[in-house]
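K.L.:
Whatever this is, show me its structure:
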Amino acid sequence: MTSFEWGNLIYLILMLGMVLTWFLARNRQSIGKTVQQVLAWGLIFVGVIAAIGIWDDIRQTLRPSQGMITADGQIEVPRANDGHYYLTLLINDSPVEFLIDTGASDMVLTHADAKRVGVDLDGLAYVGRANTANGTVRTAPIKLERVGLGPVQDRNVRAWVNQGEMDQSLLGMAYLRRWERIEITGDALVLTR
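P.N.:
Okay, here's the model as predicted:
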């Protein structure tokens, strides 16, 4: 900590001490009740801070991320709280969560997802290039043996592994074109084969 930060900390501690001294002096006849109220408010404050701190984790847990198969065989993907659509596909029997990106041309896997589905990362040849919002990145072509979504199974699906850092694998139009119809209705993306 810098000397300026230490000075601010000492100032805040002195101010807190003065406020507590005034508060206790003012309420000395009912000190037991005052201590109970201070503890109750302290616990409320700590609870609010804890809830704010884990809010993103709570949202991730509650966020619907899997499509639902309807009676007529369609797959409905609910819109997440952040406005995007997420879908978990089984690739070579391993679940991979994708961000549905209609602006992406192809299916693009992160390094971690590619490794999890059995791709040999050391043997990749980054011969492709992709233009992204963050600039141009190099990509390596791969073939995925099996890609499953509910009852729908595709074989030998072409995909790419991004050489750069990505937070999420992307499900682009090369895979989405395999579906007969793609529509957004209400708060759901509906895939029909």
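
K.L.:
Now do the strands in the protein.
P.N.:
Using DSSP state E, the strands found in the chain span residues 68-69, 75-78, 86-91, 94-100, 108-109, 128-132, 135-149, 152-162, 169-171, 181-185, 188-192.

K.L.:
Reformat these as JSON lines; add distance to residue 54 and mean pLDDT.
P.N.:
Where you see a C-beta, it was placed from the backbone N, CA and C, and this is true even at glycine. Shown next, in JSON lines, are these (distance: least, Cβ to Cβ, whole Å; pLDDT from 0 to 100):
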{"stretch": "strand 68-69", "distance to residue 54": "27", "mean pLDDT": "74"}
{"stretch": "strand 75-78", "distance to residue 54": "23", "mean pLDDT": "89"}
{"stretch": "strand 86-91", "distance to residue 54": "20", "mean pLDDT": "92"}
{"stretch": "strand 94-100", "distance to residue 54": "20", "mean pLDDT": "93"}
{"stretch": "strand 108-109", "distance to residue 54": "29", "mean pLDDT": "94"}
{"stretch": "strand 128-132", "distance to residue 54": "31", "mean pLDDT": "85"}
{"stretch": "strand 135-149", "distance to residue 54": "31", "mean pLDDT": "91"}
{"stretch": "strand 152-162", "distance to residue 54": "30", "mean pLDDT": "93"}
{"stretch": "strand 169-171", "distance to residue 54": "25", "mean pLDDT": "94"}
{"stretch": "strand 181-185", "distance to residue 54": "31", "mean pLDDT": "90"}
{"stretch": "strand 188-192", "distance to residue 54": "28", "mean pLDDT": "90"}
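
K.L.:
What is the neighbour count of residue 151?
P.N.:
9 (other Cβ atoms under 10 Å).

K.L.:
so what's it up against?
P.N.:
Applying Cβ atoms under 8 Å, 6 or more residues apart in numbering to residue 151 gives the contacts 69, 73.

K.L.:
what about it, distance to residue 15?
P.N.:
Separation of residue 151 from residue 15 (Cβ to Cβ, to the nearest Å) stands at 65 Å.

K.L.:
what about residue 165, neighbour count?
P.N.:
9.

K.L.:
Check it and give its pLDDT.
P.N.:
For residue 165, the pLDDT comes out at 84.

K.L.:
what's the answer for residue 66, then?
P.N.:
Value for residue 66, per-residue pLDDT: 62.

K.L.:
switch to numbering from 3
P.N.:
Fine by me, first position is 3 from now on; the one you just mentioned is residue 68.

K.L.:
quick revisit: which one of the strands of the chain is the most hemmed in?
P.N.:
Highest mean neighbour count of the strands of the chain: strand 110-111, a mean of 26 (counted as mean count of other Cβ atoms under 10 Å).

K.L.:
Determine the set of other helices and strands touching that one.
P.N.:
Counting contacts by 3 or more Cβ pairs under 8 Å, 6 or more residues apart in numbering; DSSP states H and E, strand 110-111 packs against strand 154-164, strand 171-173.
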